[in-house]
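S.K.: coords please:
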Amino acid sequence: MLGKAKVASRLPAKDLERARAFYSEKLGLDPVEQREGGLRYVCASGEFAIFISAGVQSGTHTQMGWEVEDIEATVRELRARGVKFEEYDLPGLKTVNGIAEIAGNYASKGIGERGAWFRNSEGNLLGIGQPIRS
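M.R.: Just a heads-up that it's a prediction; the model follows:
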């Protein structure tokens, strides 16, 4: 049943206009549709919505991510737009200039992944990944 359904992410926001400005100015994304209390975005093969919420974002895990072909170019471009990337030095996860080398991946995706993370204007943790193929 759900295996044939489309998947879409939902991200909470306390200030919808602040979130709209972040996605437009920092990520170059504009909503394709809006309604009272919500914005809908469509990317190459997926979509997400941002909605007004009184809840608190944990920001402790990746809530949404993009798979890119060139993570270094993407990080460079986003930094030029003012995006600040997280730096980690944890067992099994260390970033260098905002990018981590991650061992292992799903077999169909390659042998590993390179990843980078940043927070949106509302505190949600977002990620960028580039599969490493053999």
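
S.K.: ranges for the strands of the chain?
M.R.: Here the chain has its strands, by DSSP state E, at 8-13, 33-35, 38-43, 46-52, 62-67, 89-90, 93-96, 99-103, 112-119, 125-132.

S.K.: Next, format those strands as TSV and append mean pLDDT.
M.R.: Shown next, in TSV, are those (pLDDT from 0 to 100):
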stretch	mean pLDDT
strand 8-13	93
strand 33-35	95
strand 38-43	96
strand 46-52	94
strand 62-67	93
strand 89-90	94
strand 93-96	94
strand 99-103	91
strand 112-119	94
strand 125-132	93
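
S.K.: For residue 20, find the nearest of the ones you listed.
M.R.: For residue 20, the closest of the strands of the chain is strand 38-43, at 5.9 Å, according to Cβ to Cβ. Quick note: C-beta positions are derived from backbone N, CA and C, even for glycine.

S.K.: Note down every partner strand of the closest one and its orientation.
M.R.: If you go by DSSP bridges, strand 38-43 pairs up with strand 33-35 (antiparallel), strand 46-52 (antiparallel).

S.K.: so of these, which one's packed in deepest?
M.R.: strand 46-52 (a mean of 17; mean count of other Cβ atoms under 10 Å).

S.K.: Next, the angle from it to strand 62-67.
M.R.: 150 degrees (axes from the mean of the first three to the mean of the last three Cα atoms, to 10 degrees).

S.K.: wait, what's in contact with residue 63?
M.R.: 9, 11, 57, 124, 125, 126 (Cβ atoms under 8 Å, 6 or more residues apart in numbering).

S.K.: Surely the third one is in contact with residue 124?
M.R.: Yes: at 5.2 Å, residue 57 and residue 124 qualify as touching, with contact defined as Cβ atoms under 8 Å.

S.K.: Show me whatever sits in contact with both of these two.
M.R.: 12, 63.
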